[in-house]
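> Sequence and predicted structure are below.
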Amino acid sequence: MNPSIPNAALVPATLPRRLLALFYDLWAVIAIVATVGYICQRATGGQLIATAGHVETVWWYQPLQGLVLSAYFIASWLRGGQTLGMRPWRLRLVRSDGGPVRFAQAAIRLLAGAAPLLLLELARVLGTAASLWAVLVAWTIWFAWALTNPRRRTLHDVIAGTELIRIA
């Protein structure tokens with residue numbers, strides 16, 4: 001199959017289904033973050049987070065959380081094309097030609113989808129509320145892209161060469 005020609009048999013996921021699956025995945029993310037946090041807190045004897053005037057964590061904690069969450073998404077997409085949130089909504093991530101996603105595509109999709117989180121660094125300059133709004137606006141643009149795309153692909157799907165489809 002030619003990857004430049006989309007497979008007409010693929011039924012693109014609608015934006016509401018995507019957002020509902022994302023909401024379901026939020027619960028999985030919270031559980032993963034809480035579990036990793038608990039394990040790290042136990043492993044450090046309760047010294048993971050210091051609160052001397054302001055909250056401060058050890059240098060390796062946030063990168064570890066990012067790595068574990070990245071592993072969850074990439075492993076889910078590579079193993080069947082579905083995260084926990086995609087399963088009840090019958091969605092699957094595939095290449096643009098309908099084939100299974102490759103590691104590089106999954107990694108690119110993850111990085112492109114998470115890119116708005118870099119706007120949280122604006123908190124140092126603009127404050128926390130403004131940086132959170134910036135992230136929300138950026139993600140709105142990322143997902144609103146699906147409203148204008150003929151295959152309903154979000155910006156991170158376009159960048160990665162992937163597509164979220166409905167399955168029977």
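In hand now; what should we look at? Keep in mind that what you see is a predicted model, and the values were worked out from it rather than measured.
> Would you list the phi and psi of residue 50?
Note on residue 50: its backbone torsions stand at phi -110, psi 140 [degrees, to the nearest 10].
> Repeat that for residue 65.
phi -60, psi -40.
> From residue 80, how far off is it?
Look at residue 65 and residue 80: by Cβ to Cβ, to the nearest Å, they are 24 Å apart. For glycine as for every other residue, the C-beta is placed from the backbone atoms N, C-alpha and C.
> who has more neighbours, these two?
Ranked by neighbour count (other Cβ atoms under 10 Å), residue 65 and residue 80 place residue 65 first, with 17 against 14.
> From what I see, the more buried one and residue 34 are in contact.
No. Applying Cβ atoms under 8 Å as the test, residue 65 and residue 34 come out as separate, 10.4 Å apart.
> which residues of the chain fall in strands?
Counting by DSSP state E, the chain has strands at residues 11-12, 49-51, 55-57, 91-95, 162-166.
> Mind putting the ones you listed into JSON lines with mean neighbour count and mean pLDDT?
Converted to JSON lines, those look like this (neighbours: other Cβ atoms under 10 Å; pLDDT from 0 to 100):
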{"stretch": "strand 11-12", "mean neighbour count": "16", "mean pLDDT": "93"}
{"stretch": "strand 49-51", "mean neighbour count": "11", "mean pLDDT": "75"}
{"stretch": "strand 55-57", "mean neighbour count": "10", "mean pLDDT": "77"}
{"stretch": "strand 91-95", "mean neighbour count": "21", "mean pLDDT": "96"}
{"stretch": "strand 162-166", "mean neighbour count": "22", "mean pLDDT": "95"}
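> Between the ones you listed, which one is closest to residue 76.
Closest of the strands of the chain to residue 76 is strand 91-95, at 8.5 Å (criterion: Cβ to Cβ).
> Spit out the contact partners of the nearest residue to residue 126 once chain neighbours are set aside.
Nearest non-adjacent residue to residue 126, counting by Cβ to Cβ, 6 or more residues apart in numbering: residue 134, 7.7 Å away. Under the criterion of Cβ atoms under 8 Å, 6 or more residues apart in numbering, the contact list for residue 134 reads 116, 119, 122, 126.
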